[in-house]
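1. Here's my sequence, what's the structure:
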Amino acid sequence: MEIPELADALLAEISRYKRMLVAFSGGVDSSVVLHAGVLALGSERVEAVTAVSPSLPAAELEIARNFCVERRVFHHLPTTDELSRPGYRENGPRRCYFCKSVLLDTATALATERDLTIATGTNASDITAGFRPGIRAAAERGARTPLADIGLSKDDVRAVARLWGLSVWNKPAAACTASRVAYGIPVTRDRLARIERAEVAVRAVLDGVRDLRVRDLGDAVRLEVDAESVARVRADDAAHRAIRQAGFGDRPIEVSRFRSGSMNDVLERDPTVMD
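-> Residues are numbered from 1 along each chain as shown. As a prediction, this is how the structure comes out:
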């Protein structure tokens, strides 16, 4: 189907819901679901829920808030405490499962109380992307996945967002801060805050970089940037200084190209990590 037809199919799918609660991160996928809900159901029958926690950067929370305000959508902002769960804090490969479980349990309580259908921004590309424990957590709780249900890929979702004139259509993917911590290294409030400070500081000194991650490897740091920026960043010490001043001290810093999910490489090299 052409993009306008896919957009219409999404509206038709969501129009089947009586009322909808979107698990909302402020990213492209959940933004498209939320906007589609407003178009199909009306803002009075759509609500959003965003978990406020140390793993959500302040800038991302502000984007999510503004998106809801612009559409007059009621926005639930519960404070969640993933760090109280050992499975999350210990940072094994199923960390995302425990994190999403906290959010979806909160959303389920809201949905039950307010007679809402929970929907997530999972798209068709996510379903086939391999190891995604967070998707399992949502499925176990009966969350709907309208993008995936009608076959919208990651690129399709961005195209629909652009068709609708959404400002987030080309927004870089922004996984939670905990995804920057190598498996097996405990997730702590201080560690998450340090990563967020480092990424904000690096963006401030690097012009024109779209995708950026500061990966905490324990005894080292990996800075991932757009492939075309790698050589420039390696030759410029400004980013290195920004990372060190954010709290990483004199740890070795490696610069490489950005790859979504690069922390999962260890799962392929050493399957025992899953145990």
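
2. residue closest to the middle of this protein?
-> Central residue of the chain (CA atoms, centre = their mean): A175, 3.5 Å from the mean position.

3. Give the closest residue to that residue in space, chain neighbours not counted.
-> S260 (7.4 Å; CB to CB, 6 or more residues apart in numbering). Any C-beta I mention is one placed from the backbone N, CA and C, and that applies to glycine too.

4. circling back: in three-state terms, label the residue nearest to the centre of the chain for me.
-> Under the three-state scheme (DSSP: H, G, I helix; E, B strand; the rest coil), A175 adopts coil.

5. distance of it from P86?
-> 22 Å (CB to CB, to the nearest Å).

6. likewise E140?
-> In terms of CB to CB, E140 sits 19 Å off from P86.

7. cool, T80 as well?
-> 15 Å.

8. Look at the two and report which has more neighbours.
-> When T80 and P86 are compared for neighbours, T80 comes out ahead with 19 against 9, by other CB atoms under 10 Å.

9. mind listing what the more buried one touches?
-> Counting by CB atoms under 8 Å, 6 or more residues apart in numbering, T80 makes contact with A51, V52, S53, V102, L103, T106.

10. Does G134 touch Y97 like I think?
-> Yes - assessed by CB atoms under 8 Å, G134 is found in contact with Y97 at 6.3 Å.

11. who's more crowded, those two?
-> G134 (22 against 19).

12. And the strand or helix carrying the more buried one, how far out from the chain middle?
-> Secondary structure assigned from DSSP states H and E places G134 in helix 133-140. On the basis of CA atoms, centre = their mean, to the nearest Å, helix 133-140 sits 14 Å off its chain's mean C-alpha point.

13. Which neighbouring elements make contact with the very next helix or strand once past it?
-> Sequence order places helix 146-149 as the next helix or strand after helix 133-140, per DSSP H and E. On a contact count with 3 or more CB pairs under 8 Å, 6 or more residues apart in numbering; DSSP states H and E, helix 146-149 meets helix 3-14, helix 28-41, helix 124-127.
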